[in-house]
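**Student:** Fold the following for me, if possible:
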Amino acid sequence: MKNNKTIKFTAALTLIISVFAACVKDQDFSTPNVDCDEPVLQVTNTIAQVKDMYTFGGATVIEDDVVIEGYVVSSDKSGNIYKSISIQDKPENPTSAIKISIDETNLYAKYDVGRKIYVKLKGLAVGYSFGSIQIGKAEAGELGRISTYEINNYILRSCEVATVVPKKVAITELNESMLEMLVEIENVQFKTTEIGQAYGNIGNSGTVNRVLESFDSNCNIIDEVIVRNSGYSNFKDQLLPEGKGSVVAIFSNYYEDYQLYLRDTDDVKFTQPRCDYSNALTPTITLSDVKDMYTGAMVEFGVSTDYIVEGYVVSSDISGNFENKIIIQDKVKDPTAGIKMLIDSDAIFEQYEIGDKVFVKLNKLYMTKIDGVLTVGYPNGTKVSNIETEAIGSFIYNSGENSTIIPTEINISDILNDQYQNTLVKVNNVQLVQNELDKAFAFFTGDDDGSRTLETCGESAKLTVFTNGNATFANQLFPKGHGSIVGVLSGNIEIRSVDDVQFTAAYEVCEVIIPKVMITEVADPINNVSARFVELFNAGDTEINLSGWKLNKYLNGSANVSSGAIELNGIVIPVGGFIIIASTDYKTVFNDTPEIESTYINGTGDDVYELVDNTGATIDIFGVIGVDGTGTNWEYLDGRAVRNLDIVEPNPVFTISEWTVYSDTANNLISYPNSPKIAPNDFNPNLR
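**Tutor:** A predicted model of the protein is given here:
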C-alpha cells in the first residue's frame with residue numbers, strides 16, 4: 001500500500017512538473033498566459049496626454065485617477081537597458097511613447113516585448129530626466145524610480161501580447177516625438193574607424209558610444225546617430241559587424257543628443273556590403289579655400305552648408321609627439337594648404353596613419369589661429385579645444401587609401417612662409433645653434449616639453465624644434481652635426497620620430513649675425529589720424545628676413561600687447577633699407593605705398609611700439625611698457641618721434657636720449673612742446 005501511494009505521488013509530481021515545463025519553455029521564466037485574467041480598468045488618457053501633464057521644474061505628481069495603456073517595446077534581457085521599460089501607444093505605427101523608470105532588473109521576464117500593460121498614474125509623477133519626459137516616482141521634487149515593492153500597485157499586465165512592428169524611419173527623420181519608440185533604420189553601417197572594435201568596452205564596464213552612418217542608394221553618406229552600449233550588456237565583447245543593413249532599436253536621447261539602445265544584437269541585421277567613403281563623401285571645398293575663410297575672427301562652419309574636404313595625414317603620435325592633434329594637408333606632394341585639428345584621443349596613429357587619405361566634415365566645428373597657426377576644433381571662448389573622443393569619427397573619415405607623403409624641401413628662410421603652414425616639410429642645411437649642443441630634445445630628465453633652435457650659417461632666421469615631454473625621445477641627446485630635418489611646420493617644426501632628423505655632415509661654426517633693425521620714426525599727424533605710421537630701418541651690414549618678427553602695440557599704459565599685432569612674415573629688409581607700417585590713409589597723403597597697411601597703427605601719442613624677433617625677444621622699443629605716455633618725456637601726441645642720427649643700433653630698453661620728440665601738448669619734458677606736425681610736409685618717411 002505504501003508503495004502504491006509513493007507511485008501515485010511521484011506520478012502527480014511528474015505531471016505538475018510537466019505542466020510547469022510546458023508553460024515555461026526556456027529560462028526567461030515569462031509568466032504564461034494560462035488562466036490569465038484581464039484587468040478591469042478604464043483607460044482615461046493617452047500617453048501623449050500624460051506627457052503634456054508635465055510642467056517645467058521638478059516632477060509633476062499625478063493626483064487624479066489617470067490610467068494609460070501601452071505596449072512594451074524594450075527588453076533588459078541583454079543588460080543593455082537598465083531599470084526601465086519603454087512603452088508605445090500602438091504595436092504598429094505608434095504616435096507616442098514614454099519610458100517608465102523602475103527600481104528593478106530582469107523586467108523582461110514580467111514585461112515581455114509586445115505585452116500590453118496598464119499604468120495607474122495616481123501617486124506617480126511625470127518628470128524631466130536627461131532631456132526627456134518619463135514616468136517615475138517623485139523624490140524630493142525630482143523624478144526617481146518606482147520602488148520594486150510598489151510596481152504591482154501601478155503597473156498591470158494585460159493578457160494581450162501583440163507583435164510589435166518597428167517604425168521605419170531615416171536618421172534625418174528622428175525627432176523628439178519618437179522618443180522611446182521601437183524604430184528600424186535601414187541602409188546603415190558602423191563607422192570604418194570603429195570596425196575591429198567591440199560593441200562595448202572589453203576591459204571595463206564603462207558605457208561606449210558607437211556611430212551608425214546612413215547612406216542613400218548611391219552610397220552617399222546622409223547622416224549618423226549614436227548607438228549607446230552598456231558595459232554591463234552581455235554582448236559588449238562582440239565585435240561590431242562589418243557589413244551594412246538595418247538596425248532595430250529603442251530611440252532615446254541624452255539631452256540634445258539622439259541615441260539608440262539595442263535590445264540585443266539580433267536587432268542588427270547587416271547582410272549587404274559596406275559603402276566606401278571614397279564614394280560616400282564628395283569634397284565640397286578645398287583646404288586652400290578653408291584657409292582663406294579665416295580673416296582674423298573665429299570661423300564657424302555651421303550646418304547650412306556642407307563643408308567636406310579631403311586630405312592626407314602627415315602627423316603621427318606613435319612616438320608621443322603630436323599629442324591630441326592631427327595634421328592634414330591637401331596633397332601627397334607639393335601641398336598648397338593644411339589644417340591642424342585638436343582631438344581628444346590617445347594613439348591617434350592606430351586610426352589615422354601617416355599617408356592615410358581622409359575626409360573631414362567641418363560642419364559644427366570652428367577654426368581660429370592659436371599661436372599664429374590655423375586650428376580646428378570645438379569652440380572654447382575665442383579659441384578652440386579638443387573634439388571629444390566619441391565624436392572624432394563623426395568629423396574625420398578614413399578612406400582606407402594610403403600614400404607615401406613627399407615632404408616639401410625648403411630652406412630656413414622659408415619657414416614662416418604661410419604657404420607651408422601645417423604641411424610636411426624638409427628643411428635643408430640646418431644644425432643646432434652652438435649654445436644648445438649636447439642638449440636633449442627636451443630635457444634629459446622629467447617630462448616637461450622642450451624646444452631646440454636650429455640655424456643655417458649666413459641666415460638670420462632661426463627654426464625652433466618642439467618636443468612633447470611625453471615623447472619617447474624627449475630625453476635623448478639631440479643629434480649633432482649638420483643636415484636636414486623633416487616635420488610639420490607651424491610657428492615651429494614638430495617631428496614624428498628621431499628618424500626625421502638626418503644630420504650626416506660635420507657641424508659648422510657659423511659667424512654670428514646680429515640684426516640691427518630699428519624703429520626710427522613714430523608719426524601721429526595732427527591733420528589725419530589715418531595717416532599714422534611707424535618706420536623701421538636696417539642699420540646693419542646684412543639683410544634681415546623679418547619672418548616671424550612682430551610689431552607690438554601697448555595702449556594707454558597697458559602691460560599687455562594689443563591684439564592683432566603686426567606680423568612681418570615674408571618681408572626682407574635690405575642693408576640701409578626701410579619698412580613703413582602705416583594706417584589706411586598713408587598711401588594717399590604721402591603718395592607712397594607702405595609695406596604693410598593696417599589700422600593697428602593708431603598710436604595716440606601715449607602708446608608704446610615694440611619690435612620683437614622670431615624668438616619673441618625684444619629688439620627695439622619706443623615708449624615704456626605699462627606707462628601711459630601722457631605727460632611723459634616721450635609724449636608724441638599730434639606730432640612725431642624721430643630717432644637721432646647718431647643712434648645706429650636698436651635698443652631693447654627705451655632710452656629717451658636717443659629720440660627727438662615733437663608734440664602739440666604744452667609738455668616741457670619733451671624736446672619740442674607745442675609743435676604739432678602736419679602730414680605730409682612735416683614728415684620724411686624712408687629717409688634718415
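
**Student:** I'd like to know how many residues surround the closest residue to Gly70 other than its chain neighbours.
**Tutor:** Counting by C-beta to C-beta, 6 or more residues apart in numbering, Ile87 is the residue found nearest to Gly70 once chain neighbours are left out, at 3.2 Å. Quick note: C-beta positions are derived from backbone N, CA and C, even for glycine. Other residues lying near Ile87 total 27 when counted by other C-beta atoms under 10 Å.

**Student:** do the same with Glu173
**Tutor:** 12.

**Student:** Please apply the same query to the one 4 residues further on.
**Tutor:** Counted with other C-beta under 10 Å, the burial measure for Ser177 works out to 12 neighbours.

**Student:** Can you classify it as helix, strand or coil?
**Tutor:** helix (DSSP: H, G, I helix; E, B strand; the rest coil).

**Student:** now Phe349
**Tutor:** helix.

**Student:** residues in contact with it?
**Tutor:** 316-318 (C-beta atoms under 8 Å, 6 or more residues apart in numbering).

**Student:** Quick check: phi and psi on the residue nearest to Gly70?
**Tutor:** Ile87 adopts backbone torsions of phi -130, psi 150, taken as degrees, to the nearest 10.

**Student:** Was I right to think it contacts Val50?
**Tutor:** No. Using C-beta atoms under 8 Å, Ile87 is not in contact with Val50; the gap is 10.9 Å.

**Student:** Between the two, which contacts overlap?
**Tutor:** What both Ile87 and Val50 touch, as defined by C-beta under 8 Å, 6+ apart, is the set Ile98.

**Student:** who's in contact with Asp103?
**Tutor:** With C-beta under 8 Å, 6+ apart, Asp103 has these contacts: 83, 144-148.

**Student:** These in strands, which ones?
**Tutor:** With DSSP state E as the criterion, strands contain Gly144 from among the contacts of Asp103.

**Student:** between the contacts of Asp103, which has the most around it?
**Tutor:** Top of the contacts of Asp103 by neighbour count (other C-beta under 10 Å): Ile146, with 24 neighbours.

**Student:** picking up where we left off before, can I get the contacts of Asp103 in JSON lines including distance to Ile68 and pLDDT?
**Tutor:** Output for the contacts of Asp103, formatted as JSON lines (distance: C-beta to C-beta, whole Å; pLDDT from 0 to 100):
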{"residue": "Lys83", "distance to Ile68": "20", "pLDDT": "97"}
{"residue": "Gly144", "distance to Ile68": "20", "pLDDT": "95"}
{"residue": "Arg145", "distance to Ile68": "18", "pLDDT": "97"}
{"residue": "Ile146", "distance to Ile68": "14", "pLDDT": "97"}
{"residue": "Ser147", "distance to Ile68": "20", "pLDDT": "96"}
{"residue": "Thr148", "distance to Ile68": "21", "pLDDT": "95"}
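
**Student:** TSV for the contacts of Asp103, including distance to Lys480?
**Tutor:** Formatted as TSV, the contacts of Asp103 follow (distance: C-beta to C-beta, whole Å):
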residue	distance to Lys480
Lys83	65
Gly144	68
Arg145	68
Ile146	73
Ser147	74
Thr148	73
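
**Student:** Which of the three states applies to Val290?
**Tutor:** helix.

**Student:** List the contacts of it.
**Tutor:** 307, 309, 337, 339, 362, 367.

**Student:** Pick the one among those residues closest to Leu669.
**Tutor:** Met367 (47.5 Å; C-beta to C-beta).

**Student:** Point me to the helix or strand that includes that closest one.
**Tutor:** strand 366-370 (DSSP states H and E).

**Student:** same check, this time on Leu212
**Tutor:** Judged by DSSP H and E, Leu212 forms part of strand 208-215.

**Student:** Would you mind pulling the contact partners of that strand?
**Tutor:** If you take C-beta under 8 Å, 6+ apart as the criterion, strand 208-215 is touched by 170-172, 185, 187-191, 194, 197, 199-201, 221-229, 231, 236, 240, 244, 247, 259-260, 275, 280, 390, 393-394.

**Student:** Provide a list of residue ranges in this protein with pLDDT below threshold.
**Tutor:** 1-34 (pLDDT under 70).

**Student:** Helices along that one, start to end?
**Tutor:** 2-23, 47-52, 151-154, 277-280, 287-292, 586-590 (DSSP state H).

**Student:** Packing partners of the fourth one?
**Tutor:** Counting by 3 or more C-beta pairs under 8 Å, 6 or more residues apart in numbering; DSSP states H and E, the packing neighbours recorded for helix 277-280 are strand 396-402.

**Student:** No further questions, thank you.
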